[in-house]
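Trainee: need a 3D model of the following:
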Amino acid sequence: MGSDRLASAADYIVSAQQAHQTGRLEEAEAAYRNALGLEPRHPDALHLLGIVHFQTGRQDSAFDLINSAIGQQPNIAPYRYSLGLGYQELKRLPEAFEAYQQALRIDPNHYESLFNSSSVLESMKRPREAIDFMERALKLRPGDVRASLSPARLLKESNRHDEARGVLETARQANPPNARILAGLASRHLMLGAFDDALTTIKEAIAVDPDDPDSYGTLGASLQAVGDLDGASKAFFEGHRLRRSVAFPDEIVICKSKLQHDIEQLDYLVAQGRGAQFAEYAETMRSVLATVSPSSTSMTG
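Mentor: Numbers count the residues shown, from 1 in each chain. I've put the predicted structure just below:
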């Protein structure tokens, strides 16, 4: 009888997971509850029902359910990981980080816990530790696009441009052409003075996604770096045109963060003695940035 009851609970869980994976949450919850009706302490049913509660805004009961699952099976890393997700969603970052560490003590190679530990540490303004966790994740999945973009950004912010370039190059080689990877790699080439590589790579990014306005900013900076000022002007204009086309027809959108990023790139080139002409262009961009109020995102055309 006991084995029949376990099999029936397992059948309900299989049915629930099929509904859960296709977004039929009410159906999934009913099936998980049927499983728990037969096996009230079934850890997988408790855990998965807790996830449904998280997804439907019932955080308190979600934590209770997942903690009950942990009480039954304390050495299952995904249970601890799910707690971390719940805490992270609620911006309870120290608790999220601790939950991910509990998962990693059980399974040091639990990829999602490594990845999310890095994300939490970045939000907590602890970039060096965030990089360490992301590098551990990348050792498990060297070409993962999502994991490559995060450490590349963190390394860039720490002025570790060559390491960021290496991360992105690995991801480039491991994946089909990806515009975000290529654009990030082009920016790193530019910052390191590899202007021809930057130009070639950003053109590849635009070939993959010709509608990304940010890529045209990198294209413009790359063209200016190799002395093609006319081409650079056209590239910057195209970037502004694309931003305008997705906003309002009577506005030119000023992407302040992107503008600031471009200014930083130009300042770096000037500091490296790679072209005094960049200083004048950077000052022009600063003048534009100064006209945008802190709450403004556009200028009327």
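Trainee: now the helices for the stretch 201-301 of the chain?
Mentor: 213-225, 229-245, 256-271, 277-290 (DSSP state H, counting those that start in this stretch).
Trainee: show me what the longest one is packed up against.
Mentor: What it means is helix 229-245. Applying 3 or more Cβ pairs under 8 Å, 6 or more residues apart in numbering; DSSP states H and E, one finds that helix 229-245 contacts helix 213-225, strand 251-253. Where you see a C-beta, it was placed from the backbone N, CA and C, and this is true even at glycine.
Trainee: nearest approach to Arg180 belongs to which of the ones you listed?
Mentor: Distance to Arg180, taken as Cβ to Cβ, is lowest for helix 213-225 among the helices and strands packed on helix 229-245, at 9.5 Å.
Trainee: hang on, Lys232 packs against Thr218?
Mentor: Rather than Lys, residue 232 is Ala. No. Ala232 is beyond contact range of Thr218, at 10.8 Å (criterion: Cβ atoms under 8 Å).
Trainee: okay, these two: which has more neighbours?
Mentor: Neighbours per residue (other Cβ atoms under 10 Å) separate Ala232 from Thr218, with Thr218 holding more: 29 against 20.
Trainee: phi and psi next, for Gln127.
Mentor: Just to correct that, residue 127 is Pro rather than Gln. Dihedral pair for Pro127: phi -60, psi -40, per degrees, to the nearest 10.
Trainee: which ones are touching it?
Mentor: Taking Cβ atoms under 8 Å, 6 or more residues apart in numbering as the criterion, Pro127 is in contact with 121, 154, 157-158.
Trainee: could you dump those residues into JSON lines and include secondary structure?
Mentor: Listed next are the contacts of Pro127 as JSON lines, based on DSSP: H, G, I helix; E, B strand; the rest coil:
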{"residue": "Leu121", "secondary structure": "helix"}
{"residue": "Leu154", "secondary structure": "helix"}
{"residue": "Glu157", "secondary structure": "helix"}
{"residue": "Ser158", "secondary structure": "coil"}
